[in-house]
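**Q** give me coordinates for this.
(2 chains)
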Amino acid sequence: MTNWSPTVFTRVMLALAVLLSAFPLYWMLVIASRTNADAVSVPPPFLPGGNLGDNIIAVLNNEDAKFLLGLTNSFIVAATVTVSVVIISTLAGFSFANLQFKGRNALLVLVLLTMAVPLQQMGVVPLYRLMVSLEWTGTLKAVILPYLLNGFGVFLMTQYTRQAVPMELVEAARVDGAATLRIWWNVVLPAVRPGMAVLGINTFMLMWNDFMWPLIVLTPDNPTVQIAITSLNARFSTNYTLIFAGTALSIIPLVAVFIAFGRQIVGGLMEGAVKA
Amino acid sequence: MSLDTLPRAARSNHRRSRPPGRRWRSRFDVKAMPYALVSPYFLLFAAFGLFPLAFTLYYSLYDYDLAGTTEWAGLGNYTALLGDEDFWRAVINTVGIFVLATVPQMLLALFLANALNKRFKFRLAIRMSVLLPLVTSVVAVAVVFTQLFARDWGLVNWILSWFGIDAFNWRAERIPSWIAIATMVDWRWTGYNAIIFLAGMQTIPRDLYEAAAIDGASRRRQFWQITLPMLRPTLIFVVLNSTIGGLTLFSEPTTFYNGNVDGGSQGQFQTVAMFIVKQGFREFDYGYAAAAAWLLFLLILIGAAINFLFVRRIGGTK
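**A** Numbers count the residues shown, from 1 in each chain, chains lettered A, B, ... in the order given. Below is the predicted model of the structure:
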């Protein structure tokens, strides 16, 4: 089995990968905790300073950026979309995986096809006009609604349910007289919870990061966090410490989620990849 | 992606023994419920998938102007786009950044996955840390990289100065700006793709390697002749994903120019997605933007087809 122990080259490569992955984030912290004079000095500083707290307070108090509102809005958007997508996908996944109905395979292929179309880029013009005519531009509704459609979620939950819930279990529950929804609730849901967690984390991260559509449909008065950073960046482009403190704030929730669920994320990604 | 069909369990005929009063309800439950459960997805698809696609086509056939008048244009928007230098520049920028980002990214991800597949300490920690870029917010990271690539106080130029290389104005010139943006993309996605490759590698039976080792095949040879061909399905998935993501690139180049969709003073890094946003929502030429959206879709189809054919040949039938 010598084949599976790493060579020196491999070890160096792994160390480099870890270092490069972490560096920009470390750099973010270094600049966010310094003063502006430090940020533009040559050679640049390589160790964090003591101004992180001050800079974060400055960002949060900045009237123009509306950073706190941005964080709250992003949280509302990401949480709403995540909960809806997970429920919709789990229901559809159960139906596709465990129930029999005419046209099932055709519908499943349709789901796969929808995954391949970049709808958010393709459909921006009509979606925007729709939001204008509903007078929803500038509101979170406009950001949330188009993202409730998530073909990947349905696909993932179908695959997951197939593997987690044996048909015999569903049939047995039926023999006992359980209705479909009851089977979903009592048999399927407990079994597919790990899949739901992976989909949930995935969706939350995607939504937290979404940029193009909010940039079109929202105004800087009612931003998501990505729009808030963009406003900061546009208005104070040389005030690096302020902007970097903002970016650090914007990734804290994601990194927290990642550290809490890292094992599941890595595992879920790898499982999902093999089954896809 | 394969859709393995379900083992169709034999249906029990238990329903015959049911009391007649419940028959109708359970018939409804068995016949209609499956459709009811998938219907939320398809209703949303109709509203936010099919409707925008169809209306994008509709809008693309009309001329809109700022005054709000609308006029039938036929294929006018499409022919105008095909003769529009700005559009072609955006196409070339998009493809250029895509190639510059994807080729090194795939190679790095493959080698990284191969390294991650060995036995070592702190496995989970190392796997998590290569995924770390993915969970950071994309605008935040683009801001950090923009500062790293800054002309005057940027770390990259400072490091280059050790080797006697003059400071680049990364944002002002075409190829350097592409390199900066491709770096942001690769930083974010290389680790993720490596983890996906790793998952694929772990499904390759180990006895293949053992047999090859007995035959005296070197590690390098094993990688090229066993790992890569066996990885083809995963490779196709990853490459298609990267194609869609890369050709719709928007966040990184937009943030690189402080949130402006012009893509630099000469549009040197304006991508097609940015072009669409600029035409549609800065100049309110909805018809033109909609036509550009369809051409972007066409570009994605072409890109996906080329990459698919290319990947299928890797280590394939000789």
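**Q** residue 73: what's it in contact with?
**A** No chain was given, so I picked chain A. Neighbour list for A:Asn73: A:140, A:222-225 [criterion: C-beta atoms under 8 Å, 6 or more residues apart in numbering or on different chains]. C-beta here means a position set from N, CA and C on the backbone, and glycine is covered the same way.
**Q** nope, chain B
**A** B:Ala73 touches B:61-63, B:287, counting by C-beta under 8 Å, 6+ apart.
**Q** and if you look at A:Ala142?
**A** A:Ala142 neighbours (C-beta under 8 Å, 6+ apart): A:131, A:136, A:217-218.
**Q** residue 169 in helix, strand or coil?
**A** No chain was given, so I picked chain A. Following DSSP: H, G, I helix; E, B strand; the rest coil, A:Leu169 is assigned to helix.
**Q** oops, chain B please
**A** Taking three-state DSSP, the label given to B:Asn169 is coil.
**Q** how close does the nearest residue to it once chain neighbours are set aside sit to B:Ala180?
**A** Nearest non-adjacent residue to B:Asn169, counting by C-beta to C-beta, 6 or more residues apart in numbering or on different chains: B:Arg151, 4.9 Å away. For B:Arg151, the distance to B:Ala180 (C-beta to C-beta, to the nearest Å) stands at 11 Å.
**Q** next: A:Gly93.
**A** Distance from A:Gly93 to B:Ala180, by C-beta to C-beta: 41 Å.
**Q** cool, and B:Leu116?
**A** 27 Å.
**Q** circling back: overlap in contacts, B:Arg151 and B:Ala180.
**A** What both B:Arg151 and B:Ala180 touch, as defined by C-beta under 8 Å, 6+ apart, is the set B:170-171.
**Q** any stretches of chain A with poor pLDDT?
**A** Within chain A, the stretches with pLDDT under 70 are A:1-4, A:272-276.
**Q** go through it and flag its longest helix.
**A** The single longest helix within chain A, with elements called by DSSP state H, is helix A:240-275.
**Q** give the buried residues for that one.
**A** A:240-251, A:253-254, A:257-258, A:261-262, A:265-273, A:275 (16 or more other C-beta atoms under 10 Å in any protein chain shown).
**Q** ok, and the closest non-adjacent residue to B:Ala273?
**A** B:Ala273 sits nearest to B:Phe250 (C-beta to C-beta, 6+ apart), 4.1 Å away.
**Q** same check, this time on B:Arg171
**A** B:Ser177 (5.5 Å).
**Q** distance between the ends of stretch B:252-265?
**A** 16 Å (C-alpha to C-alpha, to the nearest Å).
**Q** ok, residues contacting it?
**A** Counting by C-beta under 8 Å, 6+ apart, residues outside stretch B:252-265 touching it are A:211-212, A:215, A:230-231, A:233-234, A:237, B:90, B:93, B:97, B:138-139, B:142-143, B:145-146, B:171-172, B:177, B:180-181, B:184-185, B:269-271, B:274-275, B:277-278, B:282.
**Q** what do you get for stretch B:88-103?
**A** B:174, B:178-179, B:181-182, B:185-186, B:239, B:242-243, B:246-247, B:249, B:253, B:263, B:267-275, B:299, B:303.
**Q** for it, the distance to its chain's centre please.
**A** Counting by C-alpha atoms, centre = their mean, to the nearest Å, stretch B:88-103 is centred 13 Å from the centre of its parent chain.
**Q** please write out the alpha-carbon positions of that stretch in PDB.
**A** Output in PDB follows, covering the C-alpha atoms of stretch B:88-103 (Å, rounded to 0.1, in the frame of the first residue of the first chain):
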ATOM      1  CA  TRP B  88     -17.900  41.100 -29.600                       C
ATOM      2  CA  ARG B  89     -15.400  42.500 -27.200                       C
ATOM      3  CA  ALA B  90     -17.500  41.300 -24.300                       C
ATOM      4  CA  VAL B  91     -17.700  37.800 -25.900                       C
ATOM      5  CA  ILE B  92     -13.900  37.700 -26.400                       C
ATOM      6  CA  ASN B  93     -13.400  38.900 -22.800                       C
ATOM      7  CA  THR B  94     -15.700  36.300 -21.400                       C
ATOM      8  CA  VAL B  95     -14.100  33.400 -23.400                       C
ATOM      9  CA  GLY B  96     -10.600  34.700 -22.700                       C
ATOM     10  CA  ILE B  97     -11.200  34.900 -18.900                       C
ATOM     11  CA  PHE B  98     -12.900  31.500 -19.100                       C
ATOM     12  CA  VAL B  99     -10.000  29.800 -20.800                       C
ATOM     13  CA  LEU B 100      -7.400  31.600 -18.600                       C
ATOM     14  CA  ALA B 101      -9.300  30.500 -15.500                       C
ATOM     15  CA  THR B 102     -10.500  27.000 -16.400                       C
ATOM     16  CA  VAL B 103      -7.400  25.300 -17.900                       C
END
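**Q** quick check, central residue of chain B?
**A** B:Gly245 (2.0 Å; C-alpha atoms, centre = their mean).
**Q** for that one, give me its contacts.
**A** By C-beta under 8 Å, 6+ apart, the neighbours of B:Gly245 are B:Trp189.
**Q** so which strand or helix has it?
**A** helix B:232-247 (DSSP states H and E).
**Q** and the strands in chain B?
**A** For chain B, the strands defined by DSSP state E occupy B:62-64, B:70-72.
**Q** closest one to chain A among those?
**A** strand B:62-64 (9.5 Å; C-beta to the nearest C-beta).
**Q** average pLDDT across the closest one?
**A** In this model, strand B:62-64 has an average pLDDT of 87.
**Q** I'd like to know how far the residue of the stretch 1-150 of chain B found nearest chain A sits from A:Val109.
**A** Closest residue of the stretch 1-150 of chain B to chain A, C-beta to the nearest C-beta: B:Pro52 (2.6 Å). For B:Pro52, the distance to A:Val109 equals 21 Å [C-beta to C-beta].
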